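Undergrad: Make a model of this:
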Amino acid sequence: MRQRWAAESARGIAAGFGAYGIWGLFPIYFDALRPAGPWEILANRIVWTALFCLIVLGIGRDWSWLPPLLRHRKLMLGVTAAALFIAVNWVVYVAAVTSGHTSEAALGYFLNPLVTVALGVVVLRERLRPLQWLAVGIGAAAGVYLSVAGGSFPLTALTLASSFAMYGLVKKKVGAQLPALHSLTVETLILLPVAAAILVVLAVAGPGLDFGAHGPVHTGLLIFSGVATAVPLLLFAASARRIPLTTVGLIQFVTPVIQLICAVTVLGEHLSSARWIGFGIVWAALIVLSADALVAGRSRARVRRLSACEELPL
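TA: Alright, predicted model coming up:
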C-alpha cells in the first residue's frame, strides 16, 4: 500500500513539474507566434484546443457525460464563467509577451497565490492564519511599491493574477463534478463563437490574418497552440489528484521563475532596479506563504497519524 502511494505521489509530482515547466516556457513559444497579434493567437488557441479535446474524446468515445451537463444549468453557468476568466487571462498574457513585457507577466504569476488567498477571505469567508496575513500584507506592500517606484500601476500583472485566481476559484466549485478534459472541452466550445467573431473582425475590418501568411512553420505553431494549451492543463489536473495542495502550491513557483529567466536571458528584457526590488518584496511574501503551507501541511499529517493510531485495535 505504501509503495503504491509513493508511486502515485511520484507521478503527481512529475506531472506537476511538467505542467508548470511547460507554462514557464510559454513566453518563448508565444514570442515565436509573432507577427500574429494577441487576439488572433487567442482565437487560434480556442479553436485548436477545442478540436484537440474533441479528437481525444472521439478516440475514447467519451460522450455520455455531455447531455446531462447541458441540462445542468448551474454547472453550465460555472463552466461559462471559467471560460470567460481563462480567456481574459490568455489574451492579456499573450499581449504582455508579444509586446515585450514578459517580466510583468511573470510578476502576475508570482502574485497569483497571494491574490488567491485574498479571494478566499473575501469570497469564501475563510479565516487566515497569522503567517498568511503577513504574506498578504507584504504582497500588498509590493504592489504599492511597484506602483510608486515604477511610475505606473502594475495593471497587467494584477489582471493576470486576479483572472487566474478567479478561474481557479470557479474550477474549485465545478472541478469535483466535471473532469479536467470535459471541463476544458466545454469551456473552449463556449468560446468558439467569440473566436469566430475575432477572426472575422480581423479578416474584414482589421489588419488581416497572419495564419498561413508566414510559412508552414509559423502556421504549424499556431495550430499546435491547441496541444500546448491542453496538455499542461491535463497534467495539472493529474497532479492535483495525486499530491497534497501544499505541494502543488510550492511547485507552481516554477512557472514565474522560468518566465522571468526567459524574459531576461532569451527575450532580452531589461528590468530596472526598482522592478528587481519589487520582485524581491513579492518573493519575501511567497517565502512566508510557503513556510505557512509547510507548517500547516505537517500539522494536518500529524493529526491524521494520531487519528489512525487511535483507531487501531488494542
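Undergrad: Show me what counts as buried in whatever helix or strand Leu57 lives in.
TA: Per DSSP states H and E, Leu57 falls inside helix 38-60. Using 16 or more other C-beta atoms under 10 Å as the test for burial, helix 38-60 gives 38-53, 57. Bear in mind the C-beta positions are built from the backbone N, C-alpha and C, glycine included.
Undergrad: what's the answer for stretch 76-95, then?
TA: 78-79, 81-95.
Undergrad: who's in contact with it?
TA: Contacting residues not belonging to stretch 76-95 are listed as 26, 30, 33, 38-39, 41-42, 45-46, 69-70, 105, 108, 156, 159-160, 163-164, 166-167, 170-171, 173-174, 178, 183, 186-188, 190-191, 194 [C-beta atoms under 8 Å, 6 or more residues apart in numbering].
Undergrad: same question, stretch 278-292
TA: For stretch 278-292, the external contacting residues (C-beta under 8 Å, 6+ apart) are 107, 110-111, 113-114, 117, 129, 131-132, 134-136, 138-139, 141-142, 145-146, 149-150, 249-250, 253, 260, 271.
Undergrad: rewinding a little: sort out for me which of the contacts of stretch 76-95 are in helices.
TA: Members of these lying in helices (criterion: DSSP state H): 26, 30, 38-39, 41-42, 45-46, 69-70, 105, 108, 156, 159-160, 163-164, 166-167, 170-171, 173-174, 183, 186-188, 190-191, 194.
Undergrad: For the chain, name the helix or strand with the lowest mean pLDDT.
TA: When the helices and strands of the chain are scored by mean pLDDT, DSSP states H and E, helix 245-251 comes last with a mean of 68.
Undergrad: Give the next helix or strand downstream of it.
TA: Helix 245-251 is succeeded, C-terminally, by helix 254-261 (DSSP H and E).
Undergrad: Which residues belonging to that next one are considered buried?
TA: Of all the residues in helix 254-261, those buried under the rule 16+ other C-beta under 10 Å are 254-256, 258-260.
Undergrad: Repeat that for stretch 226-234.
TA: For stretch 226-234, using 16+ other C-beta under 10 Å, the buried residues are 226, 228-230, 232-234.
Undergrad: Need the residues that contact that stretch.
TA: Against stretch 226-234 from outside (C-beta under 8 Å, 6+ apart): 18-20, 22-23, 26, 29, 44-45, 47-53, 180-181, 184.
Undergrad: Need the buried residues of stretch 226-234 in TSV (columns: secondary structure).
TA: Below are the buried residues of stretch 226-234 laid out as TSV (DSSP: H, G, I helix; E, B strand; the rest coil):
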residue	secondary structure
Gly226	helix
Ala228	helix
Thr229	helix
Ala230	helix
Pro232	helix
Leu233	helix
Leu234	helix
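Undergrad: Among those residues, which one lies nearest to Val121?
TA: Set against Val121, the nearest of the buried residues of stretch 226-234 by C-beta to C-beta is Leu233 (26.6 Å).
Undergrad: gap between the closest one and Leu289?
TA: 24 Å (C-beta to C-beta, to the nearest Å).
Undergrad: do Asn44 as well
TA: Asn44 is 35 Å from Leu289, by C-beta to C-beta.
Undergrad: just Val254 next, same as before
TA: Val254 sits 15 Å away from Leu289, going by C-beta to C-beta.
Undergrad: Next: Trp48.
TA: 35 Å.
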